[in-house]
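**Student:** predicted coordinates and the sequence they were generated for:
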Number of protein chains: 2
Amino acid sequence: MTVVGQVTAQTAAAAETETAAQRARRARIISATLALASRGGFEAVQMREVAERSEVALGTLYRYFPSKIHLLVSAMASEVDVLSSRLQKRQAPGETRAERVSFVLERSTRSLQRDPLLTEAMVRAMMAADSTVGPEVAAIRQGMSDLIVQAMRNGGEAVEHDVELAAILQDVWFARQIAWLGGRMEAADVWRDIHQAITLVVPD
Amino acid sequence: MTVVGQVTAQTAAAAETETAAQRARRARIISATLALASRGGFEAVQMREVAERSEVALGTLYRYFPSKIHLLVSAMASEVDVLSSRLQKRQAPGETRAERVSFVLERSTRSLQRDPLLTEAMVRAMMAADSTVGPEVAAIRQGMSDLIVQAMRNGGEAVEHDVELAAILQDVWFARQIAWLGGRMEAADVWRDIHQAITLVVPD
DNA sequence: CCAGAAACAGGAACGTGTTCTAGTATGCCA
DNA sequence: TGGCATACTAGAACACGTTCCTGTTTCTGG
């Protein structure tokens, strides 16, 4: 079973040696980041502003998160954790595999679209991530893949290619979010396209 | 028939009123951009440097391309034009639809991976594009979609959902390029995954 | 050919991500 | 407890995308 829950696990592992004050700083930083992103999107997350609101020196902010991209990707990992734990509370409803996957991805999509500016900030950071952010990005993708695969299997056994299919759906899902954020697609069209991809790709 | 050839058509339309010197400037700018990107990727494309090499003032560069993102996306459109015209010279070989699509996408993938830094620069610009770059990005996607759909149809009639399937494949294609550029995937794995997506998604 | 408009050159200036420096506080080990 | 390494603060400094300003060249209509 690859379901791991905490996407931020590797961070948590390193955090075991962190003092309480350090954990508190990290939490304040992420919290300030989410607040700023939610208010004004990617460009509103300014490092000086984050530092000030977190009551942390700029240099300290950079000690915790070596770049704005790292910071926002970490914030996204934190959000995926929340979403993931909410969705894993119970099995996704639905008779067919496609129905259950639709349920999970629709919830995820709506959850993101509820806060467009925050989503814009996080997704843009994901896309701008270079190899130095590789581990964090991989963890987020793994978390989302787990969600989809779990919905497919419905607690049952693996099905052929289910992991690969989940990866394809995740690619489509991300690409459409970007198209939406880039103003090339309406929110409603995003969900329609994702749903269509599911029906085209996921066999009963 | 939606095949249009020139991705940069709308630019060309506006360019009809351009003087020869202006067309030359535009060409020098794009050329300098490609050279710098090929050498050092996204970060090596510095606006001052592009301006200097193009023998154009910085303000003039910004008159032609209102941002670095516009500049790089335009450069990509130019490259897609080249690739597209090369591939449309003759029908893609292959018996099945999947085989022909594989041929086209493999050629495209190899063409990009031959110059990783240039690809990195262009793809990162694509992903960072906001709504102000919407038209250019849409043109690039249309150009690639045409390539895929044409390979599917093989000069024949449309097949159900072929446009939607082409869009899915393009999403996967982009996402895997990004994963590769982000250091989360080997070049060989990129092609293997895309090929697998084709066989999973394109029915015979 | 002339006058006005538009485009261009050259370069200063600004904003924000990132780095660096100097001094101070905090935790750890003998 | 004292000393030392590490972490933190405050803020200057730097890099590059972007904007703006001033003066000059080029285009266009009459």
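**Tutor:** Ah, there it is.

**Student:** tell me the confidence at residue A:129?
**Tutor:** As predicted, residue A:129 sits at a pLDDT of 84.

**Student:** where does the nearest residue to it once chain neighbours are set aside land in three-state SS?
**Tutor:** Setting aside the residues directly before and after it, residue A:129 is nearest to residue A:137 in space (CB to CB, 6 or more residues apart in numbering or on different chains), at 5.0 Å. Every residue, glycine included, has its C-beta placed from N, CA and C. With DSSP: H, G, I helix; E, B strand; the rest coil as the basis, residue A:137 sits in helix.

**Student:** go on, residue A:66?
**Tutor:** Assignment for residue A:66 (three-state DSSP): coil.

**Student:** thinking it is in contact with residue A:132, fair?
**Tutor:** Yes: counting by CB atoms under 8 Å, residue A:66 touches residue A:132, with 7.5 Å between them.

**Student:** so which bits of chain A are right by DNA strand D?
**Tutor:** Neighbours of DNA strand D within chain A, by CB under 7 Å from any atom of the strand: A:21-22, A:25, A:55-60, A:63-64.

**Student:** max pairwise distance over those: which two?
**Tutor:** A:21 and A:58 (18.0 Å; CB to CB).

**Student:** hang on, the earlier thing: so among the residues of chain A next to DNA strand D, which ones count as buried?
**Tutor:** A:25, A:56, A:64 (16 or more other CB atoms under 10 Å in any protein chain shown).

**Student:** may I see these organised as TSV, with pLDDT added?
**Tutor:** TSV is the format used below for those (pLDDT from 0 to 100):
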residue	pLDDT
A:25	93
A:56	96
A:64	96
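
**Student:** return the closest of those residues with respect to DNA strand D.
**Tutor:** Among those, residue A:56 lies closest to DNA strand D (CB to the nearest atom of the strand), at 4.2 Å.

**Student:** for the closest one, helix, strand, or coil?
**Tutor:** Relying on three-state DSSP, one would call residue A:56 coil.

**Student:** now do residue A:114 against residue A:107, distance only.
**Tutor:** 11 Å (CB to CB, to the nearest Å).

**Student:** swap in residue A:193?
**Tutor:** In terms of CB to CB, residue A:193 sits 17 Å off from residue A:107.

**Student:** what about the two, which has more around it?
**Tutor:** residue A:193 (21 against 15; other CB atoms under 10 Å in any protein chain shown).

**Student:** now do the helix or strand where the more buried one lies: everything it contacts.
**Tutor:** Assigned by DSSP states H and E, residue A:193 falls within helix A:187-201. With contacts defined as CB atoms under 8 Å, 6 or more residues apart in numbering or on different chains, helix A:187-201 is touched by A:98, A:101-102, A:105-106, A:109, A:113, A:165, A:168-169, A:172-173, A:176-177, A:179-180, A:185, B:161, B:164-165, B:167-168, B:200-201.

**Student:** filter those residues to the buried ones?
**Tutor:** Taking 16+ other CB under 10 Å as the criterion, what is buried in those is A:98, A:101-102, A:105, A:109, A:165, A:168-169, A:172-173, A:176-177, A:179-180, A:185, B:165, B:167-168, B:200-201.

**Student:** low-scoring pLDDT stretches of chain A, where are they?
**Tutor:** Residue ranges of chain A with pLDDT under 70: A:1-17.

**Student:** need the residues of it near chain B, please.
**Tutor:** A:124, A:127-131, A:133-134, A:137-138, A:141, A:161, A:164-165, A:167-168, A:170-172, A:174-176, A:178, A:181-184, A:193, A:196-197, A:200-201 (CB under 8 Å from any CB of the partner chain).

**Student:** for the most centrally placed residue in chain A, give its distance to DNA strand C.
**Tutor:** Centroid check for chain A by CA atoms, centre = their mean gives residue A:80 as the closest residue, at 4.1 Å. Note on residue A:80: its distance to DNA strand C, by CB to the nearest atom of the strand, to the nearest Å, is 21 Å.

**Student:** just residue A:73 next, same as before
**Tutor:** Distance, residue A:73 to DNA strand C, using CB to the nearest atom of the strand: 12 Å.

**Student:** so which bits of the strand or helix carrying that residue are buried?
**Tutor:** With elements taken from DSSP H and E, the one containing residue A:73 is helix A:68-87. Judged by neighbour count using 16+ other CB under 10 Å, the buried positions of helix A:68-87 are A:68-81, A:83-84, A:87.
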